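In: Provided below for reference: sequence and predicted model.
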Amino acid sequence: MDGKSLIAGEWTAGEGTFQSAPATGEPVNYTKGTPELVARACVAAEDAFWSYGYSTRESRAAFLDKVADEIDARGETITEIGCAETGLPSARLEGERGRTIGQLKLFANHIRKGDYLDYRHDSALADRQPLPRPDIKMVQRPIGPVAVFGASNFPLAFSTAGGDTAAALAAGCPVIAKGHPAHPGTGEIVAEAIDAARRGEGLHPGVFSFVHDGGNAVGAALVQDPFIKAVGFTGSLRGGRALFDLCAARDEPIPFFGELGSVNPMFLLPEAVKARGAEIARGWAASLTMGAGQFCTNPGLAFVSDGSDAEAFIAETVNALGESVAQTMLTDGIAQAFRNGRDKVSSIPGVETLCAGVADHRSVGAFLYRVSADTFEANPVLAHEVFGPLGIVVVADTAKTFRSLAGSLEGQLTATLHSDGGDARLAADLLPVLERKAGRIILNGFPTGVEVADSMVHGGPFPASTNFGATSVGTLAIRRFLRPVCYQNLPDEMLPTI
Ligand code: NAP
C-alpha cells in the first residue's frame, strides 16, 4: 500500500495526510483525497461510460468474475489488514470476503441471464383506428457514473467492492468509491484488486476510481459533481441526510440511495412466548451481540405483553446477555456514539436497566433496558437506533396494543414476528402495519444475516433508506443504476447492444 488514491488507473497522492486508527497494530499514513482528485475521477468516469456503458453483458460479467478472483488472490493480506483496522475477527473477515466474491459472481450471472433488462416490445399496429400504433420497445439502460460510499461495519461486502459497486458495474456504470476512514488500507488493497481486473480485461481506466477520505469536502464534492448520476451510501442518518440534501439541491438533482438507521423491532406474540420464550431469548441475545451489535439489522427492540411468560423471557435474555463477552467496536467514534446513545436511553425516567456490560474505549459489552409501553410512546428517542449491542424490551399491557405501537415506529429495514398457531389472529392484525413500515418481514427468526439473493430486500421507508423502492442487497439492487429508455420506431439495428 502506498497511501494514495486510485484516479483513473493512476495511484495519485492527495494533499496532506491522515492516519488510520487501527484496533490493533500501528497507525498508517494515507494521503488525503481532495475535491480536485474527485473531479478528475469523475471526468474519467464520464469518458469511460461511452465505452463501458455500451459494452456487452458478457464482457462486464467477465470483469466482475475477474474482480472476484483478484480479491480472492489477495485474501490473506485483506484479512490481515482488515482485522487490524476494524477489530473484527479473522473468521468474520474471511466470511465477508466469501460473501463479497459471491456477490460479484451473482451479479455476473444475473446480467448474463439478461432478465434484468426487462425488455418489452409493443409491435406497430399500422391499421389501428382511429390512429395507428407505432412500434415501441423498452429496455433498461445504465445511468452513467455512480458514487459509492462504503460502510464502516462491512469493510468488504458493503464497501469498495461491495454490493453497491458490484451492482453499478454490472449495470454498466463506472464507479467512484469514496474510501471509508475506518478502513483505508482494506479499501486501498481492494481498489488495487479491482484495478488489476480492469487492466486484465482491457477496460477504460475511468471505469473505477477510489478516493481516500479527506473529510466531508471530498464526499460533498463527489455527490455534487455534475457527471455523477446516482449515489449508493451506507452509514449514519446524519451523514446520509447531509449527502441526500446535497443531491437534492443540485441543479440536476440525482437519486441518493442511502441505507441509514433501523432498530428492527421484534413483536413477540403471547403463545410464542409461552411455548418457547427461553429459546427466543437466547436467539435474541445472540443476534443482538453479533459483531458487537454493529449490524444495520440489529434487533434493538422487543415488544412483549405483560405476564409471567414475559418475565421468564426477560430473565432468560438477561442470563444469555450476561454470558456474552465484550467486543471491539469498529472505530473510536462509533464507540463514543454508542456510549452517548446508551446514556440517552438510560437517563430517561421510567427506563429500568436490566443488564449493563462494559463500555470502555472501543470495548463494549451488552446493555438491556426495560420500559412500559407508555414510557416508550412518550419518549420517541427510545425508538432511535443505538448502533451497538443495546436492546430495549417494551412491556405492553396486552398484545392488542402492538398494532398501534408498530404504527408509531419510523421506517425499518426489518420487522420480526414471533408467532405460534394460537397467535394467528394477532399476527394477521399486525402484518399489514409491519408491511407499511419495513422492507423485510421475518417470521420466527432473527433479522441479522441478510441473504444475498434475487428476492432479498434490504431497504425500507425512511430512515431505513432514502428510497423505499430500492434494495442495497440482492440482484434487485441493480435497478438503482438503470433507467428505462423507450425506442419508438427504431429498428433493431439502431438499438444499443444489450
Ligand atoms: P457516517 O459518519 O455516516 O460516514 C459514512 C461515510 O459518509 C464516510 O465515508 C464519511 O466520511 C461520509 N460522510 C459522513 N458525513 C458526511 C457529510 N456531512 N458530508 C460528506 N461526507 C460525509 O457513518 P460511519 O462513520 O460509518 O458510522 C457512524 C455511525 O453511523 C454509527 O455510529 C452508526 O450509528 C451509523 N451506521 C449505521 C449503519 C447502518 O447500517 N444503519 C452502518 C454503519 C454505520 P467523512 O465523514 O470522513 O467525510
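Out: Right, received. Where do you want to start? Everything quoted here is computed from the prediction, not taken from an experiment.

In: what about the residue in the stretch 251-400 of the chain that the ligand sits nearest to, which SS state?
Out: Of all residues in the stretch 251-400 of the chain, residue 296 sits closest to the ligand, at 2.7 Å by CB to the nearest ligand atom. C-beta: built from backbone N, CA, C; applies to glycine. Each residue gets one of three states, and residue 296 gets coil by DSSP: H, G, I helix; E, B strand; the rest coil.

In: Quick one: residues contacting it.
Out: 153, 234, 259, 261-262, 413, 458 (CB atoms under 8 Å, 6 or more residues apart in numbering).

In: Save these as a markdown table, and put in pLDDT too.
Out: Output for these, formatted as a markdown table (pLDDT from 0 to 100):
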| residue | pLDDT |
| --- | --- |
| 153 | 94 |
| 234 | 96 |
| 259 | 96 |
| 261 | 86 |
| 262 | 95 |
| 413 | 98 |
| 458 | 97 |
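
In: so which of the residues you listed would you say is closest to residue 56?
Out: Nearest to residue 56 out of these is residue 458 (CB to CB; 28.9 Å).

In: And the closest one, how close does it get to residue 391?
Out: Residue 458 is 21 Å from residue 391, where distance means CB to CB, to the nearest Å.

In: Kindly report the same for residue 279.
Out: Counting by CB to CB, the gap from residue 279 to residue 391 is 16 Å.

In: Repeat that for residue 94.
Out: With CB to CB as the criterion, residue 94 and residue 391 are 28 Å apart.

In: ok now stretch 210-222, how far from the chain's centre?
Out: Distance of stretch 210-222 from the chain centroid (CA atoms, centre = their mean, to the nearest Å) equals 19 Å.

In: got the end-to-end distance for it?
Out: 11 Å (CA to CA, to the nearest Å).

In: Could you confirm whether it reaches the ligand?
Out: Yes. Residues of stretch 210-222 contacting the ligand under CB under 6 Å from any ligand atom: 213, 215-216, 219-220.

In: One more: stretch 156-163?
Out: No. Using CB under 6 Å from any ligand atom, stretch 156-163 stays clear of the ligand, coming no nearer than 7.9 Å.

In: so what's the nearest residue to residue 178 once chain neighbours are set aside bridging to?
Out: Ranked by CB to CB, 6 or more residues apart in numbering and with sequence neighbours excluded, the top spatial neighbour of residue 178 is residue 149, at 5.0 Å. Note on residue 149: beta-bridge partners by DSSP bridges are residue 178, residue 233.

In: From what I see, residue 149 and residue 235 are in contact.
Out: Yes. Counting by CB atoms under 8 Å, residue 149 does reach residue 235; the two are 6.4 Å apart.

In: dump the residue contacts of residue 307.
Out: Contacts for residue 307 (CB under 8 Å, 6+ apart) come out as residue 270.

In: ok, now how distant is it from residue 396?
Out: 11 Å.

In: With neighbour numbers in mind, choose between residue 149 and residue 235.
Out: residue 149 (24 against 21; other CB atoms under 10 Å).

In: can you give me the helices for the stretch 201-350 of the chain?
Out: All helices of the stretch 201-350 of the chain, identified by DSSP state H, counting those that start in this stretch, fall at 216-224, 237-249, 270-289, 308-322, 332-346.
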